[in-house]
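next input, structure requested:
(one chain, ligands or ions: 1)
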Amino acid sequence: MKASEKQVGGSHYKDFPIQPAEFIHVNGLGFLEGNVIKYTCRHKAKGGKQDLEKAMHYLQLLIEHEYGPEVDLVRVCRRCGEFAGPSHACVGTTP
Ligand SMILES: [Zn+2]
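Coordinates of the predicted model:
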């Protein structure tokens, strides 16, 4: 079996005709863009709302990296670096 046909730990990408990792690689996308795609693709099969929050966080990092730090579309906890919505329960780890 080719590595591109195998998934370690779960099956949340197996049903995609084009694997997110292959799409990201073939299109030469960067880490931040790739994570937006990865978390967006898997939220229904794996992490639910938190996966979309992670995708949003990577989008914000991408905006910040490409267009400057003054854009504040998503609140990110300054303590732990995670998306800080109304239900954020900070665990206090440093990003
Ligand atoms: Zn926090």
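
Y58 and G81: what is the separation?
Separation of Y58 from G81 (CB to CB, to the nearest Å): 12 Å. (Glycine included, C-beta is placed from N, CA and C.)

for the two, indicate the residue with more neighbours.
Between Y58 and G81, Y58 has the larger neighbour count (other CB atoms under 10 Å), namely 20 against 13.

now that one: closest residue in space that isn't a chain neighbour?
N35 (4.2 Å; CB to CB, 6 or more residues apart in numbering).

run a quick neighbour tally on that neighbour.
If we define neighbours as other CB under 10 Å, then N35 has 20 of them.

give the contact list for it.
For N35, the contact set (CB atoms under 8 Å, 6 or more residues apart in numbering) comprises 54-55, 58.

list of residues touching the longest helix seen in the chain?
Counting residues, the longest helix in the chain under DSSP state H turns out to be helix 49-67. Residues outside helix 49-67 that contact it (CB under 8 Å, 6+ apart) are 32-33, 35-36, 38-40, 42-43, 47, 71, 73-74, 76, 82-83, 85.

how close does the residue nearest to Y58 sit to A21?
N35 is 11 Å from A21, by CB to CB.

where does pLDDT dip in this protein?
In the predicted model of the chain, residues 70-74, 93-95 satisfy pLDDT under 70.

what residues does this protein have near the ion?
77, 79-80, 90 (CB under 5 Å from the ion).

my read: K38 touches E22, true?
No: K38 lies out of contact with E22 (CB atoms under 8 Å); the separation is 11.7 Å.

the helices in the protein, which residues?
For the chain, applying DSSP H gives helices covering 20-26, 31-42, 49-67.

please work out which of those helices is packed deepest.
helix 31-42 (a mean of 18; mean count of other CB atoms under 10 Å).

A21 against Y13, yeah?
Yes: the criterion here is CB under 8 Å, and A21 meets it with Y13 at 7.4 Å.

now stretch 21-39, how far from the chain's geometric center?
10 Å (CA atoms, centre = their mean, to the nearest Å).

C-alpha coordinates for it, PDB please?
Extracted in PDB, the C-alpha atoms of stretch 21-39 (Å, rounded to 0.1, in the frame of the first residue of the first chain):
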ATOM      1  CA  ALA A  21      -2.300  15.900   2.400                       C
ATOM      2  CA  GLU A  22      -1.900  15.100  -1.400                       C
ATOM      3  CA  PHE A  23      -3.800  18.300  -2.400                       C
ATOM      4  CA  ILE A  24      -1.700  20.400  -0.100                       C
ATOM      5  CA  HIS A  25       1.600  18.800  -1.300                       C
ATOM      6  CA  VAL A  26       0.800  18.900  -5.100                       C
ATOM      7  CA  ASN A  27      -0.300  22.500  -4.900                       C
ATOM      8  CA  GLY A  28       2.700  23.500  -2.900                       C
ATOM      9  CA  LEU A  29       0.800  25.100  -0.100                       C
ATOM     10  CA  GLY A  30       2.500  26.300   3.000                       C
ATOM     11  CA  PHE A  31       2.100  25.000   6.600                       C
ATOM     12  CA  LEU A  32      -0.600  27.600   7.500                       C
ATOM     13  CA  GLU A  33      -2.600  27.100   4.300                       C
ATOM     14  CA  GLY A  34      -2.300  23.400   4.700                       C
ATOM     15  CA  ASN A  35      -3.600  23.400   8.200                       C
ATOM     16  CA  VAL A  36      -6.600  25.500   7.200                       C
ATOM     17  CA  ILE A  37      -7.500  22.800   4.700                       C
ATOM     18  CA  LYS A  38      -6.700  19.900   7.000                       C
ATOM     19  CA  TYR A  39      -8.900  21.000   9.900                       C
END
